[in-house]
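Trainee: predicted model, plus sequence, below.
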Amino acid sequence: MKKVILISIAALFCATVFCDEAWSDGARFNGDPITEEPILLLSTDPLAYSSALAKGAPKSVAITVTDKDDPNLTATVFADDSATAVEGTVPWDYTDEEYKDFLADDAYILTETVTSDSDEKVYNRTVAILPEPMAVLALAFLCALFLRKRAKSLMAILVVLTLVSFSAKADDSIVSDVSVLQMWPFDRLVIINYSLASENEGPVFDVSFSGSFDNGETTFDLAEKGTILEEGSDGTVSGAGPHKTFWMPDESFYGNESENFKVKVTAAEQAVPPIDGEFLVIDLSGGPDAQSFPITTLDAEPSGGWTDEHKTTKMVLKKIAPGTFNIGSPSGELGREDNEVQHEVVLTKAFYAGIFEVSQKQYELVTGANPSLFQSDKHPVEKVSYEMLRGANKGANWPADNKVDEDSFFGILRAKTRYKFDLPTEAMWEFACRAGETTALNDGSELIETKNDPNLMVLGRFWYNGGGDPETGAVLDAHQMVGWYADNNCGLFDMHGNVSEWCLDWYQANLGTDSVTDPAGPETATYRALRGGGCYSPAADCRSAARDFAKPNFGDYSGYGFRVFLAQ
């Protein structure tokens with residue numbers, strides 16, 4: 001048997017499209033200039049393709065897949081009899097679904113070897129799929145043809161396919177970086193890559209996919225000529241950023257194998273429906289793996305009251321009507337500090353406030369973690385920093401904007417509800433706490449003692465009613481289950497004590513005496529504000545007007561927690 005010699009020529013090509021509307025030039029696989037026979041035939045079956053190339057029924061067909069990053073991971077598929085021999089640890093049967101998954105998950109190198117009965121030729125083809133940070137993928141085919149009986153080598157053919165599709169802009173969404181990867185002749189599958197942009201967290205887009213053979217003069221719906229798989233299969237796509245949709249054409253449709261085939265992606269962001277109800281209920285029961293957290297509304301508190309599920313798997317917020325009040329404390333209030341200068345605040349919009357502090361179970365269902373020192377599902381989550389809740393990057397920009405980091409608590413909650421839940425401003429927090437009262441405590445009572453106050457005993461957990469031992473300084477029970485103490489006129493619990501609650505504002509000691517409307521706090525400072533006092537606080541620090549502060553990244557303290565608000 002004569003020695004086989006291989007001569008190959010390789011090249012890779014990539015391109016990126018950023019324009020809103022652009023059609024690519026079509027591309028196709030050229031023929032072998034020596035045999036005048038197409039190297040890549042328009043076929044739905046790899047066996048048919050191999051047979052046609054070999055001018056006869058194949059004697060054997062071996063397909064080997066190798067992970068591009070780890071050559072030790074290979075799988076060999078004998079397609080003629082569907083028998084599979086696995087080398088290494090990559091199990092792969094040659095089916096459409098698993099082929100698609102393999103392609104989507106990793107860059108790989110595919111080599112096909114065909115031995116023909118009719119002319120006893122051996123054909124090898126290697127396909128290298130590039131990693132995918134690029135907007136347009138390059139698909140390079142190195143085709144080497146060998147003769148067994150002759151030592152004559154034939155020319156290796158390189159063909160590059162790049163199909164850049166139409167990008168469309170609709171409403172507030174932007175479609176960009178659209179590319180199409182046709183997998184024939186190895187598979188009929190078509191992969192559509194694209195990016196969607198939005199200024200909103202957790203956007204949902206209505207999407208459609210069209211094809212064309214004449215640069216968009218006439219188009220057809222891909223869903224009518226085949227099946228849309230995975231993302232976009234139901235006509236919607238969730239989230240901004242890169243997306244990948246698979247299209248499997250019908251057996252009777254061969255148009256996608258044309259040099260003029262192009263795809264248009266059209267997307268429009270769905271509007272977030274308005275919320276109207278006295279209570280807003282977020283269902284967190286799906287946990288961190290849930291695609292979404294459904295929201296319902298109630299016109300009144302349930303007849304049986306709030307149950308344990310509302311402290312664990314569901315989160316309840318109460319609607320607070322807009323209004324005007326005096327923030328801060330009067331000069332004669334017992335326990336008053338200099339940073340509580342009283343002045344008028346006008347809040348022009350209604351908002352929703354959590355009836356309970358966020359519990360440990362609720363936090364865990366959103367983030368998958370519980371950082372608390374004293375762990376108990378129905379107790380308030382603690383040891384959380386401002387940055388854990390909103391993020392250290394985009395979430396650090398308040399009041400310039402109200403964006404949050406995607407991996408923060410509020411980033412996750414927003415993405416799964418599509419509503420911009422957040423911390424409250426100091427003004428929102430105190431307005432909700434007072435619930436119409438002007439006294440030191442939100443039940444209409446004043447403090448009698450600055451440390452161990454009997455009036456505070458019924459409203460919240462603080463140092464002198466179970467938080468700690470005032471004689472030894474030892475921590476006793478620390479915080480209490482959320483909703484354990486009496487609520488205020490708005491039905492909010494634990495606004496006094498339990499855990500100090502983070503607010504949006506940068507801390508500013510002197511807020512002035514001028515009347516302000518919808519204040520968002522100073523533009524910048526060193527510390528973020530906290531309100532309400534906690535289980536380690538004396539009574540004076542748990543008053544409605546009491547203020548505290550800490551650095552945004554400081555979360556190593558079991559006295560800091562939060563509750564969820566939603567501005568309208």
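Mentor: All right, it came through fine.

Trainee: domain map for the protein?
Mentor: 31-162, 164-269, 279-567 (automatic domain parsing).

Trainee: the longest one: end-to-end distance?
Mentor: With Cα to Cα, to the nearest Å as the measure, domain 279-567 spans 14 Å from end to end.

Trainee: check the average confidence over it, would you?
Mentor: What domain 279-567 shows for mean pLDDT is 95.

Trainee: quick one: residues contacting P203.
Mentor: The contact partners of P203, taken as Cβ atoms under 8 Å, 6 or more residues apart in numbering, are 173, 196, 238-240, 269-270, 418. For every residue, glycine as well, the C-beta is placed using N, CA and C.

Trainee: just the buried residues of the residues you listed.
Mentor: Neighbour counting with 16 or more other Cβ atoms under 10 Å marks 173, 196, 238-240, 269, 418 as buried within the contacts of P203.

Trainee: could those go into CSV alongside distance to P294 and secondary structure?
Mentor: Shown next, in CSV, are the buried ones among the contacts of P203 (distance: Cβ to Cβ, whole Å; DSSP: H, G, I helix; E, B strand; the rest coil):
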residue, distance to P294, secondary structure
S173, 23, strand
L196, 23, strand
S238, 14, strand
G239, 17, coil
A240, 21, coil
E269, 20, strand
R418, 11, coil
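
Trainee: could I get the residues you listed as CSV with distance to T227?
Mentor: Converted to CSV, the buried ones among the contacts of P203 look like this (distance: Cβ to Cβ, whole Å):
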residue, distance to T227
S173, 24
L196, 21
S238, 20
G239, 22
A240, 26
E269, 25
R418, 28
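
Trainee: show me what V316 is bridged to.
Mentor: Residues in a beta bridge with V316, per DSSP bridges, are V281.

Trainee: now do the contacts for it.
Mentor: Listed by Cβ under 8 Å, 6+ apart, the contact set of V316 reads 279-282, 306, 310, 354-356.

Trainee: 7 Å instead, please
Mentor: Neighbouring residues of V316 by Cβ atoms under 7 Å, 6 or more residues apart in numbering: 279, 281, 306, 310, 355.

Trainee: roughly how far does R528 sit from T307?
Mentor: From R528 across to T307, the span is 33 Å (Cβ to Cβ, to the nearest Å).

Trainee: host element of P274?
Mentor: In the assignment (DSSP states H and E), P274 maps to no helix and no strand.

Trainee: ok, and the closest non-adjacent residue to D283?
Mentor: P294 (4.6 Å; Cβ to Cβ, 6 or more residues apart in numbering).

Trainee: count the neighbours of the one you found for me.
Mentor: Residues lying near P294 (other Cβ atoms under 10 Å) number 14.

Trainee: I'd assumed S285 was in contact with it.
Mentor: No - counting by Cβ atoms under 7 Å, P294 stays clear of S285, with 9.2 Å between them.

Trainee: circling back: how about the contacts of P203 in JSON lines, adding distance to P249?
Mentor: JSON lines is the format used below for these (distance: Cβ to Cβ, whole Å):
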{"residue": "S173", "distance to P249": "26"}
{"residue": "L196", "distance to P249": "24"}
{"residue": "S238", "distance to P249": "25"}
{"residue": "G239", "distance to P249": "27"}
{"residue": "A240", "distance to P249": "29"}
{"residue": "E269", "distance to P249": "28"}
{"residue": "Q270", "distance to P249": "28"}
{"residue": "R418", "distance to P249": "33"}
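
Trainee: which of those residues lies closest to D477?
Mentor: R418 (38.5 Å; Cβ to Cβ).

Trainee: okay, now the nearest residue to that closest one once chain neighbours are set aside: neighbour count?
Mentor: Nearest residue to R418, sequence neighbours excluded (Cβ to Cβ, 6+ apart): G202, at 4.5 Å. Look at G202: counted by other Cβ under 10 Å, it has 22 neighbours.

Trainee: contacting residues around G202?
Mentor: Counting by Cβ under 7 Å, 6+ apart, G202 touches 239, 414-418.

Trainee: now the two most distant members of these.
Mentor: G239 and T417 (13.1 Å).

Trainee: in stretch 402-412, which residues are buried?
Mentor: Going by 16+ other Cβ under 10 Å, stretch 402-412 has these buried residues: 402-406, 408-412.

Trainee: revised request: answer the last question for stretch 551-568.
Mentor: 552, 555, 557-567.

Trainee: distance across it, terminal residue to terminal residue?
Mentor: Using Cα to Cα, one end of stretch 551-568 lies 28 Å from the other.

Trainee: what's the closest of the contacts of P203 to C503?
Mentor: Taking Cβ to Cβ as the measure, C503 lies nearest R418 of the contacts of P203, at 23.8 Å.

Trainee: am I right that that closest one is in contact with P273?
Mentor: No - R418 is beyond contact range of P273, at 8.8 Å (criterion: Cβ under 7 Å).

Trainee: was I right to think L456 contacts F462?
Mentor: Yes - using Cβ under 7 Å, L456 is in contact with F462, at 6.2 Å.

Trainee: joint contacts of those two?
Mentor: Shared contacts of L456 and F462 (Cβ under 7 Å, 6+ apart): 539, 542.

Trainee: neighbours of S176, just the number please.
Mentor: 20.

Trainee: grab the nearest non-local neighbour of G323.
Mentor: Counting by Cβ to Cβ, 6+ apart, L347 is the residue found nearest to G323 once chain neighbours are left out, at 6.0 Å.

Trainee: could you report the separation of that neighbour from G286?
Mentor: Distance from L347 to G286, counting by Cβ to Cβ: 33 Å.

Trainee: higher neighbour count, the two?
Mentor: Taking neighbours as other Cβ under 10 Å, L347 and G286 compare with L347 leading, 22 against 14.

Trainee: who's in contact with Y507?
Mentor: Y507 touches 525, 527-529, 549, counting by Cβ under 7 Å, 6+ apart.

Trainee: nearest residue to it in space, please, no chain neighbours.
Mentor: Spatial nearest neighbour of Y507, excluding adjacent residues (Cβ to Cβ, 6+ apart): F549 at 3.7 Å.

Trainee: and Y557, by the same measure?
Mentor: Nearest to Y557 is K383, by Cβ to Cβ, 6+ apart, at 6.5 Å.

Trainee: what residues are up against the one you found?
Mentor: When the contact criterion is Cβ under 7 Å, 6+ apart, the partners of K383 are 371-373, 555-558.

Trainee: from the residues you listed, which is closest to H479?
Mentor: Distance to H479, by Cβ to Cβ, is smallest for S558 among the contacts of K383, at 7.9 Å.

Trainee: measure the closest one to V358 for me?
Mentor: When Cβ to Cβ is applied, the distance between S558 and V358 equals 14 Å.

Trainee: noted, bye for now.
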